[in-house]
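sequence and predicted structure below; questions after.
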Amino acid sequence: ESGAFEGANWARVPRAARRLVRRLLATEPAERPSAAEISAHPWLTAPDSDAALALADQERDDDFVDLASTRVAVDNLREFHRGRRRFKALLLAVMLGYADEALRLERGNGTACLGSRRAAMEVFDADGDGLVTHADVQRVARYLGEDLTSSEISEMMRALDHHCRPQSRDAGVPTARLRHLLPPLYPAHSLCRGDVVFSAGEVDPRFYVLLDGDVLISHSFTLRPRARYVRARGETRRAEPKREKDRSRPFGGRELSLGLHRLRTGQSFGETELLEASVPGALPRASTATCASTSCELLSVPGHLFQLLSDVFDGVQEPLRLQAEDRAKGLVSSWVSALVSHDGDLALRRACSPDQVAWSNRAYAGDRAPLARSLDLLSKHGGGGHAAPPQQQLRLTPGEALPPSRDDAFLVVEDGVVEVVVADTATGTRRAHTLWPKDFVYCNERPGNHPLDSRGELAATVIVTVTAVTHAHLAFVHGDVFQQALNQPAMQFVKLYLVERFRELPPADD
């Protein structure tokens, strides 16, 4: 041990760092520091902090090198970690097919075998000389939509091989060495029809790529009667939902299962919960994934590797987020369609002609629109009860959300084009926005937090009118029904992706 830290390489390493390394090399596992202890060590977290300075003063002796060497060592370690992490992210993205679109345009075919490290290295080593060079890394990064600088690539090359000189752009690293930076994703998991990949409510820290077969993603909802309000002894209280007398009705407190996405070979799934979890696998699944063909084969990517896809490069992260957003919209559209098709007490579908007003805000647009009257009729349909009284007349318990106005509605454009006028009640500004098929809007009559604005950033805005531009079919769900749905596990991530950014109006002119 006396000569363990001798030599030129250790001469500039401070004693605090050597003590940490010595603990890491302890033969007894119990004597080694945990990952949490290592990450919290002042030498790694903040070499300029008071804690690091105190540590340096405590351990100062004749062979202790000054704090400047600590900063250099920490910077070198961070550069090494960052460079390797970036290359791993590039390698994993190629393995999972994220470069295939660009590859097909360039050479007519994508990665030879999804999930294969050897096939991914063939993409890097285009000339087949067994080396990955500066130019190879830059080319692959562009396949993924990333334009890395020369210094970033040089940092990666130094981290991959300390013999690689930064000024030598032709220096290469053997592909055999790079291939083993990531663990193998094979063998693939084989499933039969009906086998479950993961279930709703299960904590599953993995991301999946379908190699063969079909997988069905489904969600389940509990549909309850609409919230109603009644008057009793001079005060307003929330009425308990009435029991369903007609047991033949399909919903009303019963479970509704929707098979939303049928995934084909080459598609991926399971990204939503991993994107939103601060710790991989900390969030339960909102859906169930089931093999829907005779057999299925899929690759499983552990959560810690998935973070390479979601945290390092925007060119890879953006497709994942767009995929999660698209599936969130598909979930809501399917849910609305199911309500419209099976229960007119909860939702309705309306056909509109060009220039026809489909929804109008009573307080900000004057006359009531045809849909507002239709919603009143729906409130009475099947003993629907009374409409909600004004806000000031409601007696709410602490923490209870204010219920929507009786005419609040969640709208989905099924086909056609409509125009939405949104107003900022704080500034008095208004602006029109166009909605296309599968777009949506929460039509709120009064300002305040609404279901698609959980942070209250758009609380001052209201929807004024919704007007058809072309012939259009619109689906409406009562605001209170939509709020109930968002509180269910199947919709736990919808609010993260269905943000109405068109409500962000520019400031009024002076």
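Okay, I see it.

poorly predicted segments of the stretch 101-250 of the chain, please.
Low-confidence segments of the stretch 101-250 of the chain (pLDDT under 70): 162-170, 222-250.

what ranges do the helices span in it?
Here the stretch 101-250 of the chain has its helices, by DSSP state H, counting those that start in this stretch, at 117-124, 134-143, 150-160, 175-179.

tell me what angle the second one forms with helix 117-124.
Counting by axes from the mean of the first three to the mean of the last three C-alpha atoms, to 10 degrees, helix 134-143 points 100 degrees away from the direction of helix 117-124.

which other helices and strands does helix 134-143 contact?
Judged by 3 or more C-beta pairs under 8 Å, 6 or more residues apart in numbering; DSSP states H and E, helix 134-143 is in contact with helix 67-95, helix 100-107, helix 117-124, helix 150-160. For every residue, glycine as well, the C-beta is placed using N, CA and C.

let's see that with 10 Å instead.
helix 67-95, helix 100-107, helix 117-124, helix 150-160, strand 172-174, helix 314-342 (3 or more C-beta pairs under 10 Å, 6 or more residues apart in numbering; DSSP states H and E).

likewise for the first one?
Helices and strands touching helix 117-124, as assessed by 3+ C-beta pairs under 10 Å, 6+ apart, comprise helix 67-95, helix 100-107, strand 131-133, helix 134-143, helix 175-179.

quick revisit: a markdown table for the helices of the stretch 101-250 of the chain, including distance to E445 and mean neighbour count?
Below are the helices of the stretch 101-250 of the chain laid out as a markdown table (distance: least, C-beta to C-beta, whole Å; neighbours: other C-beta atoms under 10 Å):
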| stretch | distance to E445 | mean neighbour count |
| --- | --- | --- |
| helix 117-124 | 54 | 20 |
| helix 134-143 | 49 | 19 |
| helix 150-160 | 51 | 19 |
| helix 175-179 | 60 | 16 |
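
relative to D75, which of these is closest?
With distances scored as C-beta to C-beta, the stretch of those nearest to D75 is helix 150-160 (11.3 Å).

which other helices and strands does that closest one contact?
On a contact count with 3+ C-beta pairs under 10 Å, 6+ apart, helix 150-160 meets helix 67-95, strand 131-133, helix 134-143, strand 172-174.

pick the most deeply packed of the ones you listed.
Highest mean neighbour count among the helices and strands packed on helix 150-160 (mean count of other C-beta atoms under 10 Å): strand 131-133, with a mean of 21.

contacts for that one, please.
87, 91, 121, 124-127, 139-140, 153, 156-157, 160-161, 164, 168-175, 177-179 (C-beta atoms under 10 Å, 6 or more residues apart in numbering).

hang on, the earlier thing: so can I have JSON lines of the helices and strands packed on helix 117-124 showing distance to D311?
Listed next are these as JSON lines, based on distance: least, C-beta to C-beta, whole Å:
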{"stretch": "helix 67-95", "distance to D311": "8"}
{"stretch": "helix 100-107", "distance to D311": "22"}
{"stretch": "strand 131-133", "distance to D311": "23"}
{"stretch": "helix 134-143", "distance to D311": "16"}
{"stretch": "helix 175-179", "distance to D311": "20"}
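
which of those sits closest to V340?
It's helix 100-107; of the helices and strands packed on helix 117-124, that one is closest to V340 (C-beta to C-beta) at 36.2 Å.

between that closest one and helix 134-143, how many degrees?
Using the same axes, to 10 degrees: helix 100-107 against helix 134-143 is 120 degrees.

buried sites along helix 100-107?
Within helix 100-107, the residues that count as buried by 16 or more other C-beta atoms under 10 Å are 100, 102-103.

tell me which of these is nearest to L274?
D100 (21.3 Å).

list the contacts for the residue nearest to that closest one when sequence neighbours are not counted?
Sequence neighbours aside, G110 is the residue nearest to D100 in space, at 3.1 Å (criterion: C-beta to C-beta, 6 or more residues apart in numbering). The contact partners of G110, by C-beta under 10 Å, 6+ apart, come to 94, 97-104, 119, 123, 266.

try 6 Å this time
Taking C-beta atoms under 6 Å, 6 or more residues apart in numbering, we find G110 in contact with 100, 103-104.

give me the low-pLDDT residue ranges for the stretch 301-450 of the chain?
Flagging of the stretch 301-450 of the chain using pLDDT under 70 yields the residue ranges 343-345, 365-406.

now with 90?
Scanning the stretch 301-450 of the chain with the threshold set as pLDDT under 90 gives 303-304, 307, 309-319, 321-322, 324-350, 361-409, 424-430, 438-439, 444-450.

all strands of it, in order?
Assigned by DSSP state E, counting those that start in this stretch, the strands in the stretch 301-450 of the chain fall at 347-352, 357-360, 409-415, 418-424, 430-435, 440-443.

pull out the buried residues from the last one.
The one in question is strand 440-443. For strand 440-443, a neighbour-count test (16+ other C-beta under 10 Å) marks 440-443 as buried.

one more: the fifth one?
The neighbour-count check on strand 430-435 (16+ other C-beta under 10 Å) flags 430-431, 433, 435 as buried.

can you check what angle separates that strand from strand 418-424?
Inter-element angle recorded for strand 430-435 and strand 418-424: 150 degrees (by the same axes, to 10 degrees).
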